[in-house]
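quick one, fold the following:
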Amino acid sequence: MIVADTDVLIDFLRGREPARARVSTAIADGSLATTTITAFELRSGTRTPKEAVELEAMLTGLAILSFDERASQAAAACRRQLAPEGRTIGIADYLIAGICISHAAPLLTRNRRHFERLPRLLLDSP
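Below you'll find the predicted structure:
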């Protein structure tokens, strides 16, 4: 299983390569997931009813991983690690990282600048 971040799924929905091909393949073979955090971000960003319908159609093909107690512990550990260094990332990114770490799943993202600060988080690029 690989977990898709918001930026990659936006690229997929807009037909941008290489995300379009990578996400299509992963959906087809059932290996792609995302998080409840990413689903929230995507739903919040829809601008038209058509975009909302396309988004929901895509989300039905993905496992959606929740932010639970294990993810909470992992996310908090990430924040405690970065805060003293002054290299913090956004709260949503901590939550997404915590979900991925708690599932031992790599994150498929273009936002490596934030996420590479977390050594326990496995990263993948489209």
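
list the buried residues for the longest helix seen in the chain?
As assigned by DSSP state H, the longest helix anywhere in the chain is helix 69-82. Burial within helix 69-82, assessed by neighbour count using 16 or more other CB atoms under 10 Å, is assigned to Ala71, Ala74, Ala75, Ala77, Cys78, Arg79, Leu82. Every C-beta, even on glycine, is put in place using the N, C-alpha and C of the backbone.

got TSV for these, with distance to Arg14 and pLDDT too?
Output for the buried residues of helix 69-82, formatted as TSV (distance: CB to CB, whole Å; pLDDT from 0 to 100):
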residue	distance to Arg14	pLDDT
Ala71	28	98
Ala74	30	98
Ala75	28	97
Ala77	34	96
Cys78	29	95
Arg79	31	95
Leu82	31	93
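
what's the worst-scoring helix or strand of the chain on mean pLDDT packed up against?
Taking mean pLDDT, DSSP states H and E as the measure, the chain has helix 112-115 as its least confident helix or strand, at a mean of 88. Using 3 or more CB pairs under 8 Å, 6 or more residues apart in numbering; DSSP states H and E as the contact criterion, the elements in contact with helix 112-115 are helix 91-102.

need the residues that contact the longest helix of the chain.
For helix 69-82, contacts defined as CB atoms under 8 Å, 6 or more residues apart in numbering pick out 65, 67, 88-89, 94-95, 97-99, 101-102, 117-118, 120-121.

ok, of those residues, which come out buried?
By the neighbour-count criterion of 16+ other CB under 10 Å, the contacts of helix 69-82 include these buried positions: 65, 67, 88-89, 94-95, 97-99, 101-102, 117-118, 121.

identify the farthest-apart pair in those residues.
Maximum pairwise distance among these (CB to CB): 22.9 Å, between Leu65 and Thr88.
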